[in-house]
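Novice: Got a predicted structure plus its sequence, pasted below:
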Amino acid sequence: MKRRIPFKVDIPVPCTQSWNDMNPVDNGRYCGHCSKKVIDFTKLADHEVVRIFLDSSGGIR
């Protein structure tokens, strides 16, 4: 089944630190400035992004 509406994720306050300066962790990087795991959704398929949101028990900020 083909989706008619494009999939879009809005990150109201994205991390502004350099991706290359962050430490690699499972499925992303850890930003010491934000003290958060940062995930680059641009390299993932829609179903992978949805799975990250569904699997997040504490919410995604």
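Specialist: Nice, I can see it.
Novice: what about the strands in this structure?
Specialist: 23-25, 28-31, 36-38 (DSSP state E).
Novice: quick one: which of these is nearest residue 48?
Specialist: Closest of the strands of the chain to residue 48 is strand 28-31, at 11.9 Å (criterion: Cβ to Cβ). (C-beta placed from N, C-alpha, C; glycine too.)
Novice: Mind listing the strands that closest one pairs with, and their directions?
Specialist: Strand pairing for strand 28-31, using DSSP bridges, gives strand 23-25 (antiparallel), strand 36-38 (antiparallel).
Novice: Quick one: those strands as a markdown table, columns for mean neighbour count, distance to residue 49 and mean pLDDT too.
Specialist: Formatted as a markdown table, the strands paired with strand 28-31 follow (neighbours: other Cβ atoms under 10 Å; distance: least, Cβ to Cβ, whole Å; pLDDT from 0 to 100):
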| stretch | mean neighbour count | distance to residue 49 | mean pLDDT |
| --- | --- | --- | --- |
| strand 23-25 | 9 | 17 | 94 |
| strand 36-38 | 15 | 14 | 88 |
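Novice: Dump those into JSON lines; add distance to residue 6 as well.
Specialist: Formatted as JSON lines, the strands paired with strand 28-31 follow (distance: least, Cβ to Cβ, whole Å):
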{"stretch": "strand 23-25", "distance to residue 6": "29"}
{"stretch": "strand 36-38", "distance to residue 6": "23"}
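Novice: Nearest to residue 17, out of the strands of the chain?
Specialist: That would be strand 28-31 among the strands of the chain, by Cβ to Cβ, at 5.2 Å.
Novice: Can you get me a residue count around residue 22?
Specialist: 19 (other Cβ atoms under 10 Å).
Novice: And residue 31, by the same measure?
Specialist: Neighbour tally, residue 31, other Cβ under 10 Å: 18.
Novice: That one contacts residue 24, doesn't it?
Specialist: No: with contact defined as Cβ atoms under 8 Å, residue 31 does not reach residue 24; the gap is 11.6 Å.
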